[in-house]
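Chemist: quick one: sequence and predicted model below, then my questions.
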Amino acid sequence: MLGSGPAWPIPRLGCDCAQCTSTDRRDTRSRPSILVDGTVLVDAGPDAYAQLRAAGAVPEVVLLTHAHHDHSLGLHELSKLRRLPLHCTREAETELRRIFPRLDFHVFHLTPGVPIDLGAGLSAQAFDVEHDPKARTVGFRFSDASGKAVVYIPDTVTPPVSKLARSADLLVLDGTTREKPMGGHMPMVQGIEAARRLRPAQTLFTHIGHRAGLHADIEEWLPEGFGVAYDGQELDV
């Protein structure tokens, strides 16, 4: 878990709320991103350079859920890495080329359900989720040769309906708020019910928003089988 926060990092500048003044390092959250098998970067927000430096990692391929700035502005820092493969929707590429007139990547368009071979038996499949009607957004299902699966959906306003979101060993799901809906994002209370229908072995919430609460308090509030992701967390599925 490179980053587990919302579009604006936590702590917020000048804010003295309990979350922003917490001394628990798990409450310091940068923009949402994950690194799979040490080489596959999913989303590259403004914090990507610092996140990858902290992880001691250099990605070999980039997958993009959508082109919102908190998921894509870090592509600038990656643009000199030998023209990396970049997998995104056609709509995302259009938006990226508006931001980056010169997009120094080998761009491949995602087709929902069609596997992307990431090497060493690892593959990814994209599926559509609802987040912003102006920005087509996808989630990803990662599978390895042993059949283990991780589903990653950092931004969604409704429960995912794709079969690819079901029965994962780990589901990482949008957790921007606890109970109150927020534009483009599903609250954790709804995510809990969605996860129970999707039947993963474990669920972690990410994209934790400002004033969602302290990491420790959210963990205590969540039912069994659910947890909260944090920056720098390493997971062996």
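Modeler: Structure received.

Chemist: so what's the residue nearest the centre of the chain up against?
Modeler: The residue lying closest to the centre of the chain (CA atoms, centre = their mean) is P154, at 4.1 Å. Residues in contact with P154 (CB atoms under 8 Å, 6 or more residues apart in numbering) are P32, D43, T65, H71, V172, L173, D174, T206, H207. No exception for glycine: its C-beta is placed from N, CA and C like everyone else's.

Chemist: surely the third one and V138 touch.
Modeler: When you say that, I think you mean T65. Yes: with contact defined as CB atoms under 8 Å, T65 reaches V138; the gap is 5.5 Å.

Chemist: neighbour count: those two, which is higher?
Modeler: Using other CB atoms under 10 Å as the criterion, T65 and V138 rank with T65 on top: 29 against 26.

Chemist: gap between the more buried one and P181?
Modeler: For T65, the distance to P181 equals 20 Å [CB to CB, to the nearest Å].

Chemist: before we move on, what about C20?
Modeler: C20 sits 23 Å away from P181, taking CB to CB as the criterion.

Chemist: the more surrounded of these two?
Modeler: Remark: of C20 and P181, C20 carries more neighbours, 16 against 13, as counted by other CB under 10 Å.

Chemist: mind naming the longest strand for this structure?
Modeler: Longest strand in the chain by number of residues (criterion: DSSP state E): strand 122-132.

Chemist: list the buried residues in that one.
Modeler: L122, A124, Q125, A126, F127, D128, V129, E130, H131 (16 or more other CB atoms under 10 Å).

Chemist: what do you get for stretch 57-76?
Modeler: Buried residues in stretch 57-76, counted by 16+ other CB under 10 Å: 59-68, 70-75.

Chemist: A194 falls within a helix, correct?
Modeler: Yes: counting by DSSP: H, G, I helix; E, B strand; the rest coil, A194 is part of a helix.

Chemist: and the residue lying closest to G5 once chain neighbours are set aside, how far from A124?
Modeler: Using CB to CB, 6 or more residues apart in numbering and skipping the chain neighbours, the partner closest in space to G5 is R29 (2.9 Å). With the distance defined as CB to CB, R29 ends up 24 Å from A124.
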